[in-house]
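Chemist: quick one: sequence plus predicted model below, questions after.
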Amino acid sequence: MRIQPARRLRGRLRLPGDKSISHRAAIIAALANGRTHIENFSTSEDCAATLSCLAQLGVSIERDGASLLIEGVGLKGLRAPSAPLDCGNSGTTMRLLAGVLAAQGFAAVLTGDESLRSRPMRRIIEPLELMGARISSEGGRAPLKLKGTRPLKALSYRMKVASAQVKSCILLAGVNAAGRTEVIEEAVSTRDHTERLLRWFGVPVETKIEAGANSQAVFIENVSRLRARDLKIPGDISSAAFLMVAAAALRGSDLEINSLGLNPTRTEIIKTLQELGADVRVREDGERCNEPIGDVHVHGLESLKALRGAAGANILRGGAVARLIDELPALAVLGTQVWGGLEIRDAQELRVKETDRIRAMVENLRAMGAEVKEYEDGLAVTGQTALRGARLDSYGDHRIAMAFTVAALLAEGESEIIGAESARVSFPEFYELLESVIER
Ligand code: S3P
């Protein structure tokens, strides 16, 4: 796809439902008793993969665009699938469903595309085996063959990587375990949508901050049933991040995004943009289905020189990086426009995402003329760079495709994005919505 530079972004948008929340909503609704109506369900290919796996497990789902009706089958109502379950490109589908399937009275196989089959799965295999699950894998990678053990044993587990997928996998297994399952997160508390949704469906999930220990524990205990309850999913803040970065970097932009999810475990992107000197304002609008929502307004600055970080803002590391994990490609692009540039560290997880995102960012930033240092756990870009249009490779990764589309808007001259269609994996409407707010 060819991308021309943009002058600015102007307009007002509403985005499709959050991908992380949509996966969880579909899975939890499938396990509930009764019918759940979900509005503004994510239009992503990743969430479609979750729905098709659930359908193969005997769950009846009616879909009309972003509106879904799910007939819950109850905690013991899933049926053995007659073929492997294809999770496509979606790590969340595979890791969350593994937690559910580990506790069924049947065997199932979880597989996915080449990218997903190369990603690390020991992080879920290990805790699930401690709960009594029987799983075989290809050296810690998919396909995963799960035998199903009922009931699982409850587990107290201290997380080794900061991953909401791992935490959610254990909690979903904990729904079908005898006793009290506990997941302890050190230093970083990752996105908590599973906890909030389980509560929405009537399960008392408890979260305790361990005083002085810099850690947080989540508990789930002897769940007997989930009660179906309708839901409306807030707009996806990780999708919005690409548009927010473009608006922040393009002089004279004025972009408003309404009904966006503002869960505090996801809003680090807003705080980071503000600390880097961007004019981002938030209007909170209460909670919808246990998730905070509101509107975000981004004004492009009058002069690019003003994108100047507050003291310490030019380095992203530690817990903030885990909370920004999906927004780092867009932030690396913004870093090229910030005084003093941007360094991203403690981000080794980016090497095992849909592609090695550190490598992909370094290659593409260099192709556009940016000065970049690559580290095992991150990168550093020099700021205030005049980007040049270039041939850019998405490496089949949706977030790399969208981040470098934004970079192409900021560049001088035309760019070409190879594999731009991969944006469908999380945000199929990206190019159409972007075009609707671009002024050239
Ligand atoms: C997600 C968690 C994150 C994130 C992914 C979605 C989730 O992955 O990168 O896009 O919905 O739980 P990790 O848990 O591997 O960090």
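Modeler: Alright, I've got the coordinates. This structure is a prediction, so every number in the text was calculated from the model and none was measured. Residues are numbered from 1 along each chain as shown.
Chemist: which residues does the helix or strand of the chain with the lowest mean pLDDT contact?
Modeler: Lowest on mean pLDDT, DSSP states H and E among the helices and strands of the chain sits strand 206-210, with a mean of 90. For strand 206-210, contacts defined as Cβ atoms under 8 Å, 6 or more residues apart in numbering pick out 184, 192, 195, 215-220. (C-beta placed from N, C-alpha, C; glycine too.)
Chemist: partner strands of that strand, with direction?
Modeler: Sheet pairing for strand 206-210, assigned by DSSP bridges, gives strand 215-221 (antiparallel).
Chemist: how is the protein divided into domains?
Modeler: Domain segmentation of the chain under automatic domain parsing yields 2-16+234-439, 19-230.
Chemist: close to the ligand: what parts of the stretch 251-400 of the chain are there?
Modeler: Neighbours of the ligand within the stretch 251-400 of the chain, by Cβ under 6 Å from any ligand atom: 325-326, 349.
Chemist: next one: the stretch 51-200 of the chain
Modeler: So far as Cβ under 6 Å from any ligand atom goes, the stretch 51-200 of the chain lies against the ligand at 92, 163-165, 168, 191.
Chemist: inside helices: which ones of these?
Modeler: The members of these that map onto helices under DSSP state H are 92, 164-165, 168.
Chemist: so can I have CSV of those residues showing distance to residue 147?
Modeler: What follows is those, written out as CSV (distance: Cβ to Cβ, whole Å):
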residue, distance to residue 147
92, 23
164, 26
165, 21
168, 21
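Chemist: mind putting these into a markdown table with distance to residue 146 and pLDDT?
Modeler: Compiled in a markdown table, those are given as follows (distance: Cβ to Cβ, whole Å; pLDDT from 0 to 100):
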| residue | distance to residue 146 | pLDDT |
| --- | --- | --- |
| 92 | 17 | 98 |
| 164 | 21 | 98 |
| 165 | 16 | 98 |
| 168 | 16 | 98 |
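Chemist: would residue 71 count as being in a strand?
Modeler: Yes. Residue 71 forms part of a strand when assessed by DSSP: H, G, I helix; E, B strand; the rest coil.
Chemist: and for it, the neighbour number?
Modeler: Per other Cβ atoms under 10 Å, the neighbour tally for residue 71 reads 17.
Chemist: ok, residue 88 next?
Modeler: Residue 88 - counted by other Cβ under 10 Å - has 19 other residues nearby.
Chemist: how close does it get to the ligand?
Modeler: 14 Å (Cβ to the nearest ligand atom, to the nearest Å).
Chemist: got the contact list for that residue?
Modeler: Applying Cβ under 8 Å, 6+ apart, the residues near residue 88 are 45-46, 48-49, 112-113, 116, 425.
Chemist: hang on, the earlier thing: neighbour-wise, which one of the residues of the stretch 251-400 of the chain next to the ligand leads?
Modeler: residue 326 (23 neighbours).
Chemist: for residue 189, which non-adjacent residue is closest in space?
Modeler: Nearest residue to residue 189 in three dimensions, chain neighbours excluded: residue 216, at 4.8 Å (Cβ to Cβ, 6 or more residues apart in numbering).
Chemist: do I have it right that that neighbour meets residue 182?
Modeler: No. The pair residue 216 / residue 182 is not scored as a contact, 10.8 Å apart, by Cβ atoms under 8 Å.
Chemist: nearest to the ligand: which residue in the stretch 1-150 of the chain?
Modeler: Relative to the ligand, the nearest point of the stretch 1-150 of the chain is residue 20 (3.3 Å; Cβ to the nearest ligand atom).
Chemist: neighbours of that residue, how many?
Modeler: 29.
Chemist: now do the buried residues in the least confident helix or strand of the chain.
Modeler: For strand 206-210, a neighbour-count test (16 or more other Cβ atoms under 10 Å) marks nothing as buried.
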